[in-house]
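>>> coordinates for the following, if possible.
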Amino acid sequence: MRKRYTILLLIIVVIFISCNKKIDEIKKDNIDENNIISNNDSNSHVYDIIYNEIIYIDNSIFSNIDSAIFYINNDMNLYENPEFSNKIITVLPKYSAVNILELGESVLLNNINAPWANVSTQTGYTGWCFSGYLREVEDNVAEEYAIRHPGNSHGPGMSYFKDNKMNNVTSINTIIKSQGYYIQNEYYWYNSPEILLLIVDNGNVFIREIDIIDKELITRNEILLEYNGSNYVYNDTKLGIIDDKLHINYNVNKSAISNKERWKYEIPYKYAGDIDSPIPYIVQKLTTDYLLSFTGEYTINSYMVISQENKYFHENRVKNASIQVSYEKEKKCLNLKSDFLNNEINLNDIKTVDITADTPFHWMFGEFSGYISKKCFFYKGGILVHLDEASGYYDEKIDDYVTNVLNYVVFFTK
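Prediction:
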């Protein structure tokens, strides 16, 4: 009898261990690495993580929506009503600011459980978005950035390939299969000169320059390509194949810009989305409506001196500083004007595809007897400026080398 109980007990233990192993395997299979919150996330306290599967947002972060300003932590759609199947009003760009008007029912998206939020944007849009990617603008943004980026680093690099690597397009079927949106989408652009739409209508090949203005899709210009026996062309504009994919070498507006900027048109336009699908994020981010979301006056929010040695920090000048951002319709770009920046920055040749605090929209670097770096970012609903300069000289009186250093960060909000 005792032997029978012993065997039964061993069977139960084996089954228990086997079941636990299977449960662990199931949990492991369900874990999405993109949904695991890093300990370095300054906002990680707003989450409760259950089995690394569902992330629940702590609704206490929305307790002061009447007075707080929130920013978008990821690109999101803005809907007319709190349903993902509802009409999309526009795309809310990462790090843009919004005001929360009210909260709705909770919903699950990308393993994040959070309520719908009725918000108003900086450009006058009102609608519903998923609050799982909303964060309140912190009081110490300058300090937070300074800790993560204390030293000088170079801005984005510039690399491109010329159209002489393109093979001719000889088949209309190739074009039919490749109809859709085309943009340059290079790393360092602030806005691509044009958004192109390649279409075939009754055997005719058209390229349209399009934009979204006041929520309406408009056509700025249209050209008809003709087959010349070896390729489809319109003056200097032509189609081409690179790595088995169709590209557009678009030169219609090349003569309208300065000679020193014409090299930009040597960069072919790449496929960005299907014509029958909703306009992709990377295309919407190049539209007038998107760029207008950054316009307005930005005033000082916070600042932090990272390092200072033998160089004066103009604290009162920083405290009274502001930045005005306007939109230039003809060039389809943003302009920044500020006495604090000592000049007016035209943003017609720096990227907008992915605005983050690691990728400046304006960057300058000079190196003489020392160096000076000025970087500006759209960040957390505001503008962050990082100034870092250093120089030195040999002082014969003290028989030593004197170093002058000033490195500080300033954060502006609307």
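>>> so residue 206 sits against residue 221, correct?
No. The criterion here is Cβ atoms under 8 Å, and residue 206 misses it with residue 221 at 10.6 Å. Heads up, the C-betas are built off the backbone N, CA and C, glycines and all.
>>> distance of residue 97 from residue 298?
As judged by Cβ to Cβ, to the nearest Å, residue 97 and residue 298 stand 10 Å apart.
>>> where do the contact lists of those two overlap?
Overlap of the contact sets of residue 97 and residue 298 (by Cβ atoms under 8 Å, 6 or more residues apart in numbering) consists of 382, 413-414.
>>> turn those into a markdown table, columns for neighbour count, distance to residue 201 and pLDDT.
Shown next, in a markdown table, are those (neighbours: other Cβ atoms under 10 Å; distance: Cβ to Cβ, whole Å; pLDDT from 0 to 100):
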| residue | neighbour count | distance to residue 201 | pLDDT |
| --- | --- | --- | --- |
| 382 | 25 | 45 | 86 |
| 413 | 19 | 47 | 87 |
| 414 | 17 | 44 | 81 |
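>>> narrow those to those in strands?
382, 413 (DSSP state E).
>>> ok, so of the shared contacts of residue 97 and residue 298, who is nearest residue 88?
residue 414 (24.4 Å; Cβ to Cβ).
>>> would you mind measuring from the closest one to residue 297?
Remark: distance between residue 414 and residue 297 (Cβ to Cβ) = 7 Å.
>>> same check, this time on residue 315
Separation of residue 315 from residue 297 (Cβ to Cβ): 21 Å.
>>> domains of this protein: list them as residue ranges, please.
Under the assignment automatic domain parsing, the domains of the chain span 2-28, 35-136, 167-279, 294-413.
>>> mean confidence score for the third one?
Computed over domain 167-279, the mean pLDDT rounds to 84.
>>> for the first one, same thing?
Averaging the model's pLDDT scores along domain 2-28 yields 42.
>>> which of the shared contacts of residue 97 and residue 298 sits closest to residue 177?
residue 382 (43.8 Å).
>>> skipping adjacent residues, who's closest to that closest one in space?
In space, and not counting its chain neighbours, residue 382 is closest to residue 413: 3.9 Å by Cβ to Cβ, 6 or more residues apart in numbering.
>>> isn't that neighbour up against residue 97?
Yes. Using Cβ under 8 Å, residue 413 is in contact with residue 97, at 7.3 Å.
>>> what sits in contact with each of the two?
With Cβ under 8 Å, 6+ apart, residue 413 and residue 97 have common neighbours 69, 137, 381-382.
>>> who wins on neighbours among those?
residue 382 (25 neighbours; other Cβ atoms under 10 Å).
>>> in the sheet, who's paired with that one?
Beta bridges link residue 382 to residue 379, residue 413 when assigned by DSSP bridges.
>>> next: residue 237.
Taking DSSP bridges, one finds residue 234 as the beta-bridge partners of residue 237.
>>> what of the one 10 residues further on?
According to DSSP bridges, the partner residues bridging residue 247 are residue 240.
>>> so it touches residue 268, yeah?
Yes. Proximity of residue 247 to residue 268 meets the contact threshold set by Cβ under 8 Å, at 3.8 Å.
>>> which neighbours do these two have in common?
With Cβ under 8 Å, 6+ apart, residue 247 and residue 268 have common neighbours 166, 240.
>>> so what's the closest residue to residue 122 other than its chain neighbours up against?
Using Cβ to Cβ, 6+ apart and skipping residues adjacent in sequence, the residue nearest residue 122 is residue 293, 5.3 Å away. Neighbouring residues of residue 293 by Cβ under 8 Å, 6+ apart: 93, 96, 121-123.
>>> show the backbone phi and psi for residue 293.
With angles defined as degrees, to the nearest 10, residue 293 sits at phi -70, psi -10.
>>> quick one: the strands in the stretch 51-200 of the chain?
Secondary structure of the stretch 51-200 of the chain, counting by DSSP state E, counting those that start in this stretch: strands at 54-57, 70-72, 76-79, 88-92, 97-109, 112-121, 126-130, 134-136, 180-183, 195-201.
>>> adding distance to residue 216, write these out as a markdown table.
Below are these laid out as a markdown table (distance: least, Cβ to Cβ, whole Å):
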| stretch | distance to residue 216 |
| --- | --- |
| strand 54-57 | 34 |
| strand 70-72 | 23 |
| strand 76-79 | 16 |
| strand 88-92 | 12 |
| strand 97-109 | 22 |
| strand 112-121 | 17 |
| strand 126-130 | 16 |
| strand 134-136 | 27 |
| strand 180-183 | 17 |
| strand 195-201 | 14 |
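>>> adding mean neighbour count and distance to residue 277, write those strands out as a markdown table.
Below are the strands of the stretch 51-200 of the chain laid out as a markdown table (neighbours: other Cβ atoms under 10 Å; distance: least, Cβ to Cβ, whole Å):
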| stretch | mean neighbour count | distance to residue 277 |
| --- | --- | --- |
| strand 54-57 | 18 | 29 |
| strand 70-72 | 23 | 23 |
| strand 76-79 | 20 | 14 |
| strand 88-92 | 21 | 12 |
| strand 97-109 | 15 | 20 |
| strand 112-121 | 20 | 24 |
| strand 126-130 | 21 | 21 |
| strand 134-136 | 21 | 27 |
| strand 180-183 | 23 | 8 |
| strand 195-201 | 19 | 12 |
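>>> weakest of the ones you listed by average pLDDT?
strand 54-57 - the lowest mean pLDDT of those, at a mean of 70.
>>> and the helices in this structure?
Assigned by DSSP state H, the chain shows helices spanning 2-30, 141-148, 172-177, 281-284, 288-292, 315-319.
>>> ok, back up a step: residue 146 is nearest to which of the domains of the chain?
The nearest among these, by Cβ to Cβ, is domain 294-413 at 4.5 Å.
>>> and that closest one, end to end?
11 Å (Cα to Cα, to the nearest Å).
>>> and the spatially closest residue to residue 119 that is not a sequence neighbour, how far from residue 122?
Once flanking residues are discounted, residue 119 sits nearest to residue 98: 4.2 Å by Cβ to Cβ, 6+ apart. Residue 98 sits 8 Å away from residue 122, taking Cβ to Cβ as the criterion.
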